[in-house]
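> coordinates for the following, if possible.
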Amino acid sequence: MAERLALPLLLPNPPPPKPPFLNQPHQQQQNPTLLSNSPPPSTPILQHLLLRHSAKSQQPIDPQVRTRTRIGGSRDLNRGKPWTHNRLSTLGQQVLNSLIDPSFDTNQLDSVLAKLFEQYLENPDAKTEFLTSEVLGIVKGLGFYKKSKLALGVFNWVKERKDCELVLNSSIVAVIISMLGKEGKISVAANLLNSLHKEGFSLDVYAYTSLITAYAASGRYREAMVIFQKMEEEGCKPSLITYNVILNVYGKMGMPWRKIMALVDGMKSDGVAPDTYTYNTLISCCRRGSLHEEAAVVFEKMKLAGFSPDNVTYNALLDVYGKSRRPKEAMEVLKEMELNGFAPSIVTYNSLISAYARDGLLKEAMDLKTQMEGKGIKPDVFTYTTLLSGFEKAGKDESAMGVFEEMRSAGCRPNICTFNALIKMHGNRGKFTEMMKVFDEIKACNGSPDIVTWNTLLAVFGQCGMDSEVSGVFKEMKRAGFVPERDTFNTLISAYSRCGSFDQAMAVYKRMLEAGVTPDLSTYNAVLAALARGGLWKQSEKIFAEMEDGRCKPNELTYCSLLHVYANGRQVDRMHSLAEEIYSGIIEPHAVLLKTLVLVNSKCDLLVETEHAFSELRKKGFLPDITTLNAMVSIYGRRQMFSKTNEILNFMNESGYTPNLTTYNSLMYMYSRSENFEESEQILREVLEKGVKPDIISYNTVIYAYCRNGRMKEASRIFSEMGDCGLLPDVITYNTFVASYAADSMFEEAIDVVRYMIKYGCKPNQNTYNSIVDGYCKLNSRDEASMFINNLQKLDPHISKVEEIRLSERIVEKWS
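Residues are numbered from 1 along each chain as shown. Just a heads-up that it's a prediction; the model follows:
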């Protein structure tokens, strides 16, 4: 398995394909086909989902691109004002008025523009610079009136003239490219630059920067990088605006901090001094990797360079602290911001609320909302959605729905982010009916699923271990025209590893690299989480070392994965060593790390250590989430500590936590091993009544409860019920029956179960045959045990000789 990771996690640089403007007309990017052999979606849930989506439109679907805020400051001097044309002559204005007239026919373009050129040809004293200025003014005017097609027509008309080289310049080219970019016609812009380049037209920094900005604004970061590299190869020196846009691109691509700083050093070497926008962009670049220390350094350097932080600076720094789970530092930024005369805005408060909600400090988050309202700032859709997501993550579904209802009562319309949060909440709880209702409501609100919706569905089905649904959703997402981005690949890696499909997860990772998508901190963490589920601690340590070498700065989620991989790899000493670093403060004891310590210690059945971690979490003022509480229920339940279990359940009830399927499964387990074993079925009934779909663990636990107590009729009834719910029995289900029959000396029935499981495609494992052999040995029936092994080939044609030898040796050991 380790060999599958023998590839670089980060590409040294973005792959160098041909520059887009040197290729043929742009075609929609073809993505590498992922998971082509995956089974088609077959479950009713997924069929229902896909039918609902496809019913929305029978028309061909165009590629979906997330709308993004334009990078860089606006260069439109007329923003918010009527068009001014003081640089146009009277004749130039007449030409523009003719072109923007609703009745204008493009067939008249030649006669209208010819008048402009005739005047200059008839006037020997006129300079071509004035004609250039006229054309530039007309093109800008057409851009203002959203007539990019006509502006391009004007440009091409001038370009066809013999004297075009005297009239056209890079400023006009830059305006045309920028205009096309704003309207999403980036392929047209790239083709224009391509043709000009082939014809030997001198392209300057403004033309290149316009195309770079267009690509960046539409999220096509790799193509922006290619243009930047080509520009430098052509000997065209980047301007301050170029560098600022590329810095933003680096941040969006999740480039390592050392590469971002290398770009800044190169910028300074070229004699280009940073401005306020540069520093603000650098701080923003720290968001994705939780680089709060680096952001603080940039903030200080900005002030030392003589630049005064503005609203954008403070909000960006505050957001970095928020995403780094450092709410206290975020509050300090707010204080400094107010001291310097900058009033916090809705953006400020939303970042603060997010900072507290991320750490599960929901009371503080709600207090900030109240404080915000007291200052006359009305919560917006982002405020409500952040709070809803925070309560959902904590497992407080009623509070989450309370936020949603308050949002609607306040007249605030939910956006796609809100719906995505609700889909995640219902999906993670196994409430697929409610999830479908939310999906329908998107349509009812005249919305449509975005890439995050699809990523959320992938994550939900991955969380529930539904790998065929993961494959089906991914196929449908591509069919709907959505281009998988880094977050999609990260989600797929996580989803398949949760489903136990480690090979699929690594295949996705390789496809991601082949697609030229640069891995970032989230990718590293997704891969580490996948390794953790397999207990592959040696490979995890190698990746962690690579991160520490400067590829990507580890964060608290990285350490969480290390704790999990040590727990799953049974490296308890390593887990304890890392825990000590957290408790001692060498690694900052974030809430999420303390919660993870509760989880891993519970998983390893270390009661004292679990209680210590839970105590540390509470001592530091952090509230546990539903996952942490479930870990406590699990370890107490396994040890039949009923009073302690009830303490946790009472706390959950009093604090507004909503028990989920994991909670109920732990309770079923506890009762299945007790005298009140029938209570496990009662809990199963409660789960069904609440609209939560039980999983294979739920049914296996109840089956075990009855089999353990010789109630085979009831166990068979639950087995049938499981099949009626669409769940296929697994080897644990069958082994439970086999072990119970064998323990009661009902060998014929046990062998019938083996025969049945093989018939229906479930392969017996060592435990299956161990139960039967041990049953015979318990009765001192050595001959019958040997006869069973001798006839095993007839029962299971796929049994190996090695397995037969192992079972024979097991008999010998029992009598030795």
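
> part of a strand, is Gly761?
No. Gly761 sits outside any strand when classified using DSSP: H, G, I helix; E, B strand; the rest coil, being coil.

> torsion angles phi and psi at it?
In terms of degrees, to the nearest 10, the main-chain angles of Gly761 are phi 80, psi 10.

> and what of Ala305?
Dihedral angles (degrees, to the nearest 10) for Ala305: phi -80, psi 0.

> could you pull up the residues touching it?
Ala305 makes contacts with Pro274, Tyr279, as judged by CB atoms under 8 Å, 6 or more residues apart in numbering. All C-beta spots, glycine's among them, are computed from the backbone N, C-alpha and C.

> and the gap between it and Asp265?
For Ala305, the distance to Asp265 equals 15 Å [CB to CB, to the nearest Å].

> what segments of the stretch 651-800 of the chain are helices?
For the stretch 651-800 of the chain, the helices defined by DSSP state H, counting those that start in this stretch occupy 661-672, 679-689, 696-708, 712-724, 731-743, 747-759, 766-778, 782-790, 792-795.

> reformat the ones you listed as TSV; add distance to Trp815.
Converted to TSV, those look like this (distance: least, CB to CB, whole Å):
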stretch	distance to Trp815
helix 661-672	33
helix 679-689	37
helix 696-708	27
helix 712-724	30
helix 731-743	18
helix 747-759	19
helix 766-778	8
helix 782-790	6
helix 792-795	19
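
> roughly how far is stretch 737-757 from the heart of the chain?
Centroid separation between stretch 737-757 and its chain, computed with CA atoms, centre = their mean, to the nearest Å, is 46 Å.

> ugh, wrong one, I meant stretch 774-789
54 Å.

> mind checking what secondary structure the spatially closest residue to Met372 that is not a sequence neighbour has?
Nearest non-adjacent residue to Met372, counting by CB to CB, 6 or more residues apart in numbering: Tyr349, 4.4 Å away. Here Tyr349 is recorded as helix under three-state DSSP.

> picking that back up, now the helices of the stretch 651-800 of the chain as TSV including distance to Ala526 and mean neighbour count?
Listed next are the helices of the stretch 651-800 of the chain as TSV, based on distance: least, CB to CB, whole Å; neighbours: other CB atoms under 10 Å:
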stretch	distance to Ala526	mean neighbour count
helix 661-672	22	23
helix 679-689	30	17
helix 696-708	24	24
helix 712-724	32	16
helix 731-743	28	22
helix 747-759	35	17
helix 766-778	32	19
helix 782-790	45	16
helix 792-795	43	14
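
> Gly430 is nearest to which of these?
When the helices of the stretch 651-800 of the chain are compared by CB to CB, helix 661-672 sits nearest Gly430, at 5.4 Å.

> give me the contacts around that closest one.
429-430, 626-627, 629-630, 633-634, 636-638, 640, 642, 645, 652, 677-680, 683-684, 686-687, 692-695, 697-698, 701-702, 704-705, 708.

> could you give the average pLDDT over the one helix or strand Arg511 maps to?
Using DSSP states H and E, Arg511 maps to helix 502-514. Taken as a whole, helix 502-514 carries a mean pLDDT of 82.

> which elements pack onto that helix?
Here helix 502-514 touches helix 486-498, helix 521-533, going by 3 or more CB pairs under 8 Å, 6 or more residues apart in numbering; DSSP states H and E.

> quick one, the first one and helix 502-514 angle?
Think helix 486-498. Angle between the axes of helix 486-498 and helix 502-514 is 160 degrees (criterion: axes from the mean of the first three to the mean of the last three CA atoms, to 10 degrees).

> quick one: buried residues of helix 486-498?
486-498 (16 or more other CB atoms under 10 Å).

> chain center to it, what's the gap?
Counting by CA atoms, centre = their mean, helix 486-498 comes out at 8 Å from the chain centroid.

> just checking, Ala526 touches Asn490?
Yes. Using CB atoms under 8 Å, Ala526 is in contact with Asn490, at 4.5 Å.

> who's in contact with the one helix or strand Glu338 maps to?
Element membership of Glu338 [criterion: DSSP H and E] is helix 327-339. For helix 327-339, contacts defined as CB under 8 Å, 6+ apart pick out 292, 311, 314, 317-318, 321-322, 344, 348, 351-352, 355-356, 359, 361, 364.

> kindly report the same for stretch 729-736.
With CB under 8 Å, 6+ apart as the contact definition, stretch 729-736 has outside contacts at 696, 699-700, 703-704, 707, 715, 719, 722-723, 753-754, 756-757, 760, 762-765, 767-768, 771.
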